[in-house]
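Novice: For reference, the sequence and a predicted model appear below.
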Amino acid sequence: MRPAAFNRIAYAEMGICNPLADGAFLEALGRADLPPGARACDLGCGNAHTSILMAGAGLQATAVERDPDMAELAAERIAARGAAVELKVGEGLQALDAQEAWSLIVAIGTTALTDPGPARFAGLAARLAPGGRLLFGDLMWKAEPDPAFRDLLHQTAVYESHAGWIEAGRASGLQPLWDRVSTEAEWDAYAGAMTGAVEAWIAANPDRPEASALRNRVALLRAMQQGEAGRTLGFGLYLFGKA
């Protein structure tokens, strides 16, 4: 039996795998103002919920996921909903190298796909067609964090302030078109769904060897959210345009 992965359990029944409501995502798609059938790529699609929403909005959607567990979940959900979504398994930007330019690239919760510094979005912008759109979403600093906490998070990904993400887009030659910050209600819904799903799995599988590690991760996430993470971290959604 393959070990159960945290994300595979947490996101199996969830909507968007981030503190972001469907309505906010669909509003951003509407603001992108793309014609029906426009080619759109969802990098780091997770459980494919956003990809399915993109297809439902009339876009020609391609989902890309590098994690095998999440790619398996994405395939299951795409099939279950009969969604017209093409799924590619592999690294995000590399999966786009052989493709034509895209009308829309969605990169939500995929900081690891981008480089730190002023050219953070350069690789994504280069794969957009003229007039194309980038919809980017990720954690952002809503308050100055403790240096030790910042250094801890920056071991895996570098985050910016709300204004910093917007400026990073500008520095890569993209025009900021629209942005928003997730509400506390979105955060509560996301955190509750994620930890609740894992705790339900643990309760149903108490003797599985990975149950203890999963329980510890839930406790850590809750402690972080009640402490420095809750005080300093927000989630921003940003729509950029390419000239």
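Specialist: Done, it's in.
Novice: which outside residues touch the helix or strand hosting Gly169?
Specialist: Assigned by DSSP states H and E, Gly169 falls within helix 162-171. When contacts are defined by CB atoms under 8 Å, 6 or more residues apart in numbering, helix 162-171 is touched by residues 118-121, 134, 136, 138, 140-142, 160, 175-176, 179, 181, 234, 236, 238, 240. C-beta here means a position set from N, CA and C on the backbone, and glycine is covered the same way.
Novice: which ones among the residues you listed are found in strands?
Specialist: If you go by DSSP state E, the contacts of helix 162-171 have 134, 136, 138, 140-141, 160, 175-176, 179, 181, 234, 236, 238, 240 in strands.
Novice: Show me how to select, in ChimeraX, the buried members of the residues you listed.
Specialist: Entered in ChimeraX, the line below selects the buried ones among the ones in strands among the contacts of helix 162-171, by 16 or more other CB atoms under 10 Å:
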select :134,136,138,140,141,160,179,234,236,238,240
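Novice: What residues of the helix holding Gly169 count as buried?
Specialist: Residues 162, 165-166, 168-169 are the ones in helix 162-171 that count as buried (16+ other CB under 10 Å).
Novice: Which one of those is nearest to Glu72?
Specialist: Trp165 (30.9 Å; CB to CB).
Novice: separation between that closest one and Asn216?
Specialist: Distance of Trp165 to Asn216, computed by CB to CB, to the nearest Å: 31 Å.
Novice: Farthest from the middle of this protein: give me that residue.
Specialist: Asp207 (31.8 Å; CA atoms, centre = their mean).
Novice: any idea which of the buried residues of helix 162-171 is closest to Leu59?
Specialist: Gly169 (21.1 Å).
Novice: Which residue is the nearest non-sequential neighbour of the closest one?
Specialist: Phe240 (4.6 Å; CB to CB, 6 or more residues apart in numbering).
Novice: Over to Ile16?
Specialist: His49 (5.3 Å).
Novice: in the helix ranked longest in the chain, what's buried?
Specialist: Criterion DSSP state H: the longest helix present in the chain is helix 184-204. Burial within helix 184-204, assessed by neighbour count using 16+ other CB under 10 Å, is assigned to 186-187, 189-190, 193-195, 197-198, 201-202.
Novice: For whichever helix or strand comes after that helix, name the packing helices and strands.
Specialist: Where DSSP H and E defines the elements, the next helix or strand beyond helix 184-204 is helix 211-226. With contacts defined as 3 or more CB pairs under 8 Å, 6 or more residues apart in numbering; DSSP states H and E, the packing partners of helix 211-226 are helix 6-10, helix 184-204.
Novice: can you list the residues that contact stretch 207-223?
Specialist: 3-4, 6, 9, 191, 194-195, 198-199, 201-202, 205.
Novice: Show me which residues of it are buried.
Specialist: In terms of neighbour count (16+ other CB under 10 Å), stretch 207-223 has its buried residues at 211, 214, 218, 221.
Novice: now do stretch 53-65
Specialist: Within stretch 53-65, the residues that qualify as buried are 53-55, 57, 59-65, counting by 16+ other CB under 10 Å.
Novice: wait, which of those residues is closest to Ala71?
Specialist: Nearest to Ala71 out of the buried residues of stretch 53-65 is Glu65 (CB to CB; 4.3 Å).
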